[in-house]
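S.K.: Build me a structure from this.
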Amino acid sequence: MCGITGAFSTNLIRQESIDAATNSLAHRGPNASGSYKDEYGKFVLGHRRLSILDLSDTANQPMYSTCGRYVMVYNGEVYNFNELRARLPGFSWKTTSDSEVILELFASSGVAFLSWLNGMFSIAIYDTVERKVLIARDQVGIKPLFYYYHDSLLVFASELKAIRAYLREENRPMPINRSSVPGFLHLGFIAEPDTIYQHTYKFPAGYYGTVSEENPCLTLTRYWNPADFFLTDPIRDTVKALGEYKELLFSSISDQMVSDVPLGTFLSGGIDSSLVTAVAAQLSSRKVNTFSIGFNEAQYDESMHASAVASHLGTEHHTFKVSADEVLELVPHLMEIYDEPFADSSAFPTMLVSKLAKQHVTVALSGDGGDELFQGYGMYTWASRLANPFVKAIRKPLYYSGQWMNNRYRRASNLFNYPSSSHIPTHIFSQEQSYFSEQELSALLIQNDFNFDDINTIKHAGNANAAEKQALWDFEHYLKDDLLVKVDRAGMFYSLETRVPLLDTRLVEFSLNLDYNLKVNKQHGSKYLMKKVLYELVPRKLFERPKRGFAIPLQEWLKGPLFWMIDRYLTKGVVDKHGFVHFKQVKDLLSRFQSGQDHLYNRIWILVVLHWWLEKQSETC
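M.R.: Down below sits the predicted model:
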């Protein structure tokens, strides 16, 4: 795991600029750093290394191909690198790292090598002969990659802060991308390809791009598409599916346990993390280190479930109980870590469990991906419900009647009040997360000319049912731009590498093509195949409870130890200063929240985060 930077310009590039960008990523790579500038001074690369495989200096980057033509910086892990060595028989390898395999495959086969990689990565390879750079990101978007492209300058990096550092050295401004704010208030994250800054983008997952002196325009090409696997020839046979899934799962976790440094797993006690941990415990010759977070508030605390699973599996288990004080200590770091507005408050416990894990290991396996691929969220039930013709016919009366009931029903009734059937994916997500609906945004925003058509488009869904379409939307947006971002930044803040074996490329392609009935079963509920494997390893009774998210007691804390954030960032002076939302609407929202409408807490939090970020931004400009 590492941090990468790079820049291409038609003008000369200053070494100070790339150094500033690279040094801003020291947390991603505390073990080594390096840079490369071409002989013409128009292309540079920077790298910070967190040593995981081949700890020797020989594996440091930038790395040069044996032929001397290509130079590479790379962030991530490619788990099938030992298999890929066989594509170059007789080659004299200098290292035991995956980095060298990637570079030499490109040198011998060109961009075709990308489709062979199974892992998480962002890569930049410079061709010193053609003076051209290839930039690529992994299939699912596990590893981050951003780029700035404006006025004949391309800057790319693992995090936005590196681009900011580069442009600051060049005295170039980074104006706010105001058009990204409505989507943030609707979803809690800024979806690819946008960022909070103008001319600055998230590099798309499953794509590669090229820039050269001859053709200085960034050209993007897709090399992997989930639509190529989504229900193309659905697997329906239970026995066949179970056997194949189990084989792929064990292979994925085995591959991702390869490390030259200590490794453990995150264990929440839920299906996904328990499955990853149970398989890892079976495959490991020694006790697996496991890490979980608990809360002092009993209704949010699931640490006892994680402890029970750990006890059964015989792991070396570590639990950290979280109080508001621990979260308060982290609050000042949120903007520093995530760089742009990010409203997922489970970032805080994710940071804390990462901090705990780093005290014992350098690599941790996470269970992300199971919900999106195996129908694990309640919002998929809502997608099916809203697709019912009878519900469609009476949805408005259901909405209005629910507004007269208690908070639980008032919140649920909002799901019936969608603006149009074509915008159901984001509407379901926003209301499940208690963010602002489109109707609310129209009243809240001073400039309300937003349009969510593109992000609601689910391409190539074929004959998928409503629940499958909603899950595919989550896979392409929520998973990539929220959950994986949360885990990557939280882990890397503490120089901890997190791996996600449930998102092994082979497992993803297999899962996308599974028949719905192999994901949802009348007897077992959702995650049917996952549970079939898990219950062979861990007693079913340990999981017979309602699903909970990995959340902090935010609604209580906003009325208590975190109230100061409302008091500081949602004042009339701050809100009017930045001019995104009407203060009258904010005031009304706060009044309703304080009077007992607790279901509004995430709307309050997302407004706090936005104005908190805007205030931090104005301080640094």
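
S.K.: who are the neighbours in contact with the residue nearest the centre of the chain?
M.R.: Centroid check for the chain by CA atoms, centre = their mean gives residue 484 as the closest residue, at 1.8 Å. By CB atoms under 8 Å, 6 or more residues apart in numbering, residue 484 lies in contact with 140, 141, 142, 368, 500. All C-beta atoms are positioned from the backbone trio N, CA, C, and that covers glycine.

S.K.: Does it belong to a helix, a strand or coil?
M.R.: Look at residue 484: counting by DSSP: H, G, I helix; E, B strand; the rest coil, its state is helix.

S.K.: What count of nearby residues applies to residue 30?
M.R.: 14 (other CB atoms under 10 Å).

S.K.: Next, the contact list for it, please.
M.R.: Counted by CB under 8 Å, 6+ apart, residue 30 has contacts 48, 50, 495.

S.K.: phi, psi of it?
M.R.: Main-chain dihedrals, residue 30, degrees, to the nearest 10: phi -80, psi -10.

S.K.: could you measure it against residue 222, distance?
M.R.: For residue 30, the distance to residue 222 (CB to CB, to the nearest Å) stands at 34 Å.

S.K.: Walk me through the domains of the chain.
M.R.: Using automatic domain parsing, the domain parsing of the chain gives 2-177+194-224, 228-371+485-543, 553-621.

S.K.: Tell me which of these sits nearest to residue 432.
M.R.: Nearest to residue 432 among the domains of the chain is domain 553-621; the distance by CB to CB comes to 10.1 Å.

S.K.: From what I see, residue 207 and residue 222 are in contact.
M.R.: Yes: in this structure, residue 207 is within contact of residue 222 by CB atoms under 8 Å, at 5.2 Å.

S.K.: just to revisit the earlier point, ok, and the most crowded of the contacts of residue 30?
M.R.: residue 48 (28 neighbours).

S.K.: So for that one, what's the nearest residue that isn't a sequence neighbour?
M.R.: Closest residue in space to residue 48, ignoring its immediate chain neighbours: residue 29 at 2.8 Å, by CB to CB, 6 or more residues apart in numbering.

S.K.: got a list of what residue 75 touches?
M.R.: Residue 75 is in contact with 1, 2, 3, 4, 28, 121, 122, 123, 143, 158, counting by CB under 8 Å, 6+ apart.

S.K.: now do 6 Å
M.R.: Contacts for residue 75 (CB atoms under 6 Å, 6 or more residues apart in numbering) come out as 2, 4, 122, 143, 158.

S.K.: swap in residue 114?
M.R.: Counted by CB under 6 Å, 6+ apart, residue 114 has contacts 136, 208, 223.

S.K.: Isn't the second one up against residue 139?
M.R.: Just to be clear, that refers to residue 208. No: with contact defined as CB atoms under 6 Å, residue 208 does not reach residue 139; the gap is 11.2 Å.

S.K.: ok, the two, which is more surrounded?
M.R.: Between residue 208 and residue 139, counted using other CB under 10 Å, residue 139 has the larger neighbour count: 23 against 20.

S.K.: So that one versus residue 559, what's the distance?
M.R.: 43 Å.

S.K.: Count the neighbours of residue 254 for me.
M.R.: 16.

S.K.: Could you give me the buried positions within the strand or helix carrying it?
M.R.: Assigned by DSSP states H and E, residue 254 belongs to helix 238-256. For helix 238-256, burial by neighbour count (16 or more other CB atoms under 10 Å) applies to 241, 244, 245, 248, 249, 250, 251, 252, 253, 254, 255, 256.

S.K.: hey, what's the residue nearest to residue 142 when sequence neighbours are not counted bridged with?
M.R.: If you skip the residues right next to it in sequence, residue 142 has residue 120 as its closest partner in space, 3.6 Å away by CB to CB, 6+ apart. The partner list for residue 120 in beta bridges (DSSP bridges) reads residue 77.

S.K.: The closest residue to residue 74 other than its chain neighbours: what secondary structure?
M.R.: Of all residues not flanking residue 74 in the chain, residue 123 sits nearest, at 4.9 Å (CB to CB, 6+ apart). State at residue 123, reduced to three classes by three-state DSSP: strand.
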